[in-house]
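[1] turn this into a structure:
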Amino acid sequence: MTLGKTIAQLRIQKNWRQADLAERLGVHPSHVTRWEADRVRPRRRTLESLAQALEVSLEELLETDHRELGSRIVGLEDPVLTDLLGQVHKLDEREREALKTFLESMITRAQLEEVLQQRKSGPSVLIDSGRRRARRSA
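    I've put the predicted structure just below:
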């Protein structure tokens, strides 16, 4: 379930209209409409206010959204990794930056290995400014 659907579901459970929730948060009802339609994601401070108004923890509000995100990552069929990615929001900014650096370095290494493997496998075709040319093997 997306974040927007979660917000809508929790609001409906309280028998509130979008205007009721908007009034409690001090925002225009159109903001609630856009959140629930997943057109706009609320800012962190607004998410905290939403959780409080809907009487759920921030983690509960975000949990299904993060799982949905993890399951949409192409080729990610590892449930443990999906769950871990769904919990990244629990890390502080310094820890998230460290995780990004680590992942970027791992992906760069994998890309370099792929390029080296392609070079070892023989000639290939490169596209250079719209013109095709053969690349020589090393």
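
[2] and stretch 17-33, how far apart are its ends?
    10 Å (C-alpha to C-alpha, to the nearest Å).

[3] what is the rounded mean pLDDT of it?
    Regarding stretch 17-33, the rounded mean pLDDT is 96.

[4] show me where this protein dips below the pLDDT cut-off.
    Scanning the chain for pLDDT under 70 picks out 64-77, 122-138.

[5] counting by contacts, list what the longest helix belonging to it packs against.
    Looking across the chain with DSSP state H, the single longest helix is helix 93-120. Packing partners of helix 93-120 (3 or more C-beta pairs under 8 Å, 6 or more residues apart in numbering; DSSP states H and E): none among the helices and strands. From N, CA and C alone the C-beta is placed, and that goes for glycine too.

[6] wait, residue 9 sits on residue 1?
    Yes: contact criterion C-beta atoms under 8 Å: residue 9 and residue 1 qualify, at 7.4 Å.

[7] secondary structure of residue 52: a strand, I assume?
    No: counting by DSSP: H, G, I helix; E, B strand; the rest coil, residue 52 is not found in a strand; it is helix.

[8] neighbours of it, how many?
    14 (other C-beta atoms under 10 Å).

[9] could you measure residue 85 against residue 79, distance?
    11 Å (C-beta to C-beta, to the nearest Å).

[10] what about those two, which has more around it?
    More crowded of residue 85 and residue 79, by other C-beta under 10 Å: residue 85, with 18 against 10.
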